[in-house]
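**Student:** build the 3D model from these lines:
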Amino acid sequence: MQKKQGIIVNLIGEYQQWQKVTIPDFYTICVRGYAFIGDQYYPDKALTQYLSDCIKNSLPDVRVKILNELIPKLNGCWALVYSAENYVLAAVDRVRSIPLFYAIKNDGIIISDDAKEVLKSMNNAELDDTCVAEFLVTGYVTGKDTLYKGLYQIQPGEILKVKVTEKGLEINTKRYFRYIFGNYFEASEEELEDELSNLLHRVFTRYANALKGKTPVIPVSGGWDSRLLAAMLKRCGVENAVCFSYGKPGNAESEASRAIAKTLGYKWLFCPYDKDSWYKWFREEQMSDYIDYASNYSTVACLQDWPAVRQILNNELHNIENDKVFMPGLCFDMLAGIHLIPKPLLLSEKNKGYKTLLPGSVLSNHYTLWNWRKRCPELENPFLNRINEILPEFPDEDKSSALRAYETWFFEARPCKFVINSVRTYEFFNSQWLLPWWDYEIVDFFLKVKLESRVERKLVGNTLLHKIYIGGISDLADIPFVGLQLPNLKTQNDKKISPNNVIYQIIKNYAPGSIKSFAKNTIAYFSGGHDLALHGAYCKSLIPKSLGSIGIKIDSNMIANQIIGNHVNMPVAIFNINGIHAMFYISRIT
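**Tutor:** Reported below is the predicted structural model:
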């Protein structure tokens with residue numbers, strides 16, 4: 001712990017240590033994560049030394065200026081804290097992959113990587129009812145807030161600056177990056193395919209070089225992200241990757257995963273899941289510790305690959321001597337265009353009114369883990385206010401700006417707060433991880449791709465078919481894409497769809513998010529449960545008597561009681577599993 005004139009920096013590094021360089025009487029700089037500087041890979045220790053070398057011969061004000069100029073160029077996943085006699089600077093990468101938290105008190109400020117440590121320093125901190133409600137219906141708290149009043153998180157692409165002055169502390173934040181489309185390419189589809197293919201090979205060549213002497217471990221599903229990640233490693237010369245999957249034996253995702261690994265010539269591992277195993281795993285002290293570590297009063301902990309990661313590290317991968325590096329394919333589908341704007345907003349022909357239509361679309365599609373509108377209509381305006389706090393400014397009559405703003409909101413909410421936070425699993429088991437899809441070169445490329453080239457994954461699909469899934473790995477284009485209503489890549493433009501797919505497309509494109517979620521989980525329930533058997537964490541039986549009977553006790557939280565309402569007597573398995581996780585977490589901390 002460092003304490004300077006009202007500033008406390010308390011970096012715990014509970015499962016992943018911070019690297020530190022101290023120049024006595026001048027400064028200390030602490031770093032976690034990795035970055036590329038040009039084509040050179042810098043893991044945490046080397047990155048810390050690099051940053052220190054850049055500033056060590058400069059005056060105090062110049063050191064801060066240099067760091068402000070360097071931070072936007074650190075291409076990777078990292079967090080850093082620089083502290084000097086009268087100044088502290090803390091920052092996270094573009095996607096908040098390693099979160100930092102802080103609280104401003106009467107006598108100063110505390111900064112930590114552990115929200116629990118910050119909370120301990122606050123006197124009688126209270127839960128924020130609106131943030132609790134948002135957490136319950138989304139699975140995360142948006143913006144800089146957390147579940148507790150006055151406990152904040154540094155946002156994606158943000159720098160926190162604290163300066164000691166004669167009048168007290170000056171505390172400021174600055175966003176050095178936001179996920180906003182613009183400055184579009186003026187190029188043909190064929191030219192964009194060539195550029196994307198060259199970009200992917202260039203980026204993955206960097207990662208392949210960074211992996212020398214290490215074993216990449218890839219959680220492979222039946223979708224786009226991990227399939228392409230594994231394929232690019234293969235194309236760039238990586239021969240020792242290990243793929244793994246999990247769930248009920250024979251589930252479609254795992255069968256596709258097996259086929260992908262076989263096509264690439266990679267070893268494939270499988271961890272079977274069932275309700276009884278989940279019931280046991282969820283009650284282990286180690287699982288409880290993980291939930292506390294990963295949630296940090298700001299997001300639902302991602303549990304789905306936790307048992308599989310533990311199993312393969314303890315068993316199948318135990319005898320591999322070199323470092324294991326997990327490489328999940330998180331959120332490339334967002335860049336490719338799967339998580340695009342809802343059709344009612346996309347197809348709107350209004351001349352104005354987008355400042356109302358857009359927040360309403362976000363609300364209908366993302367505040368959906370519980371059906372709250374009838375029981376708690378008073379939450380609508382507070383939710384809309386929180387949505388508007390994140391949305392960038394745009395003209396009321398400009399549809400294209402509204403569409404860009406929608407994607408900005410989505411990026412800074414779900415991927416950065418929930419999906420990417422799943423790397424806490426690897427950290428918990430003392431393992432390294434890399435996120436190639438959030439390489440700055442890849443992100444910056446897609447921010448310049450026009451919407452029409454991303455709708456239905458048009459650009460990416462054609463690039464994979466024509467440039468990537470060719471030669472010895474061409475079979476990847478024939479393996480079904482599970483869960484996307486897309487038989488395989490070669491038939492993505494086939495307009496002949498079955499009546500069932502017509503119903504699916506109507507629900508997907510036009511139904512409110514709460515109906516989508518309910519339909520998905522109800523179908524899974526009546527067909528024998530979900531492929532991952534995740535509801536087994538709460539009950540061995542598919543039909544428990546009530547939410548209360550599975551250990552969720554919310555009597556002390558009025559907001560949680562209002563949101564659940566008469567759902568308390570309905571089968572747990574028809575509800576979104578993340579909604580149940582969120583309710584369970586609130587019951588733990590109240």
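
**Student:** OK, contacts around Leu80?
**Tutor:** Residues counted as contacts of Leu80 (C-beta atoms under 8 Å, 6 or more residues apart in numbering) are Ile29, Cys30, Val31, Arg32, Leu51, Ile71, Leu89, Ala90, Ala91. (Glycine included, C-beta is placed from N, CA and C.)

**Student:** widest-spaced pair of the residues you listed?
**Tutor:** Using C-beta to C-beta, these reach their maximum pairwise distance at Arg32 and Leu89, which is 15.2 Å.

**Student:** phi, psi for Asp44 please.
**Tutor:** The phi/psi pair for Asp44 (degrees, to the nearest 10) reads phi -50, psi -50.

**Student:** hey, what's the nearest residue to it once chain neighbours are set aside bridged with?
**Tutor:** With C-beta to C-beta, 6 or more residues apart in numbering as the criterion, Asp44 has its nearest non-adjacent residue at 4.6 Å, and that residue is Gln19. The partner list for Gln19 in beta bridges (DSSP bridges) reads Val31.

**Student:** and Gln19, how close does it get to Pro359?
**Tutor:** Taking C-beta to C-beta, to the nearest Å as the measure, Gln19 falls 42 Å from Pro359.

**Student:** more neighbours: Arg32 and Leu89, which one.
**Tutor:** Between Arg32 and Leu89, counted using other C-beta atoms under 10 Å, Arg32 has the larger neighbour count: 24 against 21.

**Student:** for the more buried one, what are its contacts?
**Tutor:** Gly13, Gln16, Gln17, Trp18, Gln19, Asp44, Trp78, Ala79, Leu80, Ile98, Asp113.

**Student:** what about Thr356, how many neighbours?
**Tutor:** Neighbour count of Thr356, defined by other C-beta under 10 Å: 12.

**Student:** next one: Lys352
**Tutor:** Per other C-beta under 10 Å, the neighbour tally for Lys352 reads 12.

**Student:** which pLDDT value goes with it?
**Tutor:** For Lys352, the pLDDT comes out at 77.

**Student:** ranges for the helices of the stretch 1-150 of the chain?
**Tutor:** Secondary structure of the stretch 1-150 of the chain (DSSP state H, counting those that start in this stretch): helices at 44-55, 60-70, 115-120, 129-138.

**Student:** using CSV, lay out those together with mean neighbour count and distance to Asn322.
**Tutor:** Formatted as CSV, the helices of the stretch 1-150 of the chain follow (neighbours: other C-beta atoms under 10 Å; distance: least, C-beta to C-beta, whole Å):
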stretch, mean neighbour count, distance to Asn322
helix 44-55, 18, 17
helix 60-70, 15, 31
helix 115-120, 20, 34
helix 129-138, 23, 39
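
**Student:** Phe326 is nearest to which of the ones you listed?
**Tutor:** Among the helices of the stretch 1-150 of the chain, helix 44-55 comes nearest to Phe326, with 15.5 Å by C-beta to C-beta.

**Student:** what does the closest one contact?
**Tutor:** So helix 44-55 is contacted by 18-21, 23, 27, 29-35, 37, 42, 62-63, 66-67, 70, 74, 78, 80, 82 (C-beta under 8 Å, 6+ apart).

**Student:** could you chop this structure up by domain?
**Tutor:** Taking automatic domain parsing as the reference, the chain has its domains at 2-175, 189-336+414-589, 343-413.

**Student:** per-stretch mean pLDDT over these, give me the minimum one.
**Tutor:** Confidence, taken as mean pLDDT, is least for domain 189-336+414-589 of the domains of the chain (a mean of 84).

**Student:** on that earlier part again, got a list of what the residue nearest to Asp44 touches?
**Tutor:** Shown in contact with Gln19 (C-beta under 8 Å, 6+ apart): Cys30, Val31, Arg32, Asp44, Lys45, Leu47, Thr48.

**Student:** what separation do you get for the fifth one and Asn421?
**Tutor:** When you say that, I think you mean Lys45. Noted for Lys45: a distance of 24 Å to Asn421, by C-beta to C-beta.

**Student:** any idea how far Ala210 is from Val325?
**Tutor:** Separation of Ala210 from Val325 (C-beta to C-beta): 9 Å.

**Student:** overlap of the contact sets of those two?
**Tutor:** Common neighbours of Ala210 and Val325, using C-beta under 8 Å, 6+ apart, are Leu434.

**Student:** thought His201 was touching Arg235, still the case?
**Tutor:** Yes - with contact defined as C-beta atoms under 8 Å, Arg235 reaches His201; the gap is 6.8 Å.

**Student:** which of the two has more neighbours?
**Tutor:** Arg235 (20 against 15).

**Student:** how close does the more buried one get to Arg454?
**Tutor:** Arg235 sits 23 Å away from Arg454, going by C-beta to C-beta.

**Student:** how about Arg373?
**Tutor:** From Arg373 over to Arg454 the distance is 31 Å, taken as C-beta to C-beta.

**Student:** check which residues of the top helix by length along the chain are buried.
**Tutor:** What stands out as the longest helix in the chain, according to DSSP state H, is helix 189-210. For helix 189-210, burial by neighbour count (16 or more other C-beta atoms under 10 Å) applies to Leu192, Glu193, Glu195, Leu196, Leu199, Leu200, Val203, Phe204, Arg206, Tyr207, Ala208, Ala210.

**Student:** spatially nearest residue to the first one (excluding sequence neighbours)?
**Tutor:** Looking back up the chat, that one is Leu192. Leaving aside its chain neighbours, Leu192 sits nearest to Leu459 (5.7 Å; criterion: C-beta to C-beta, 6+ apart).

**Student:** sweet, I'm off.
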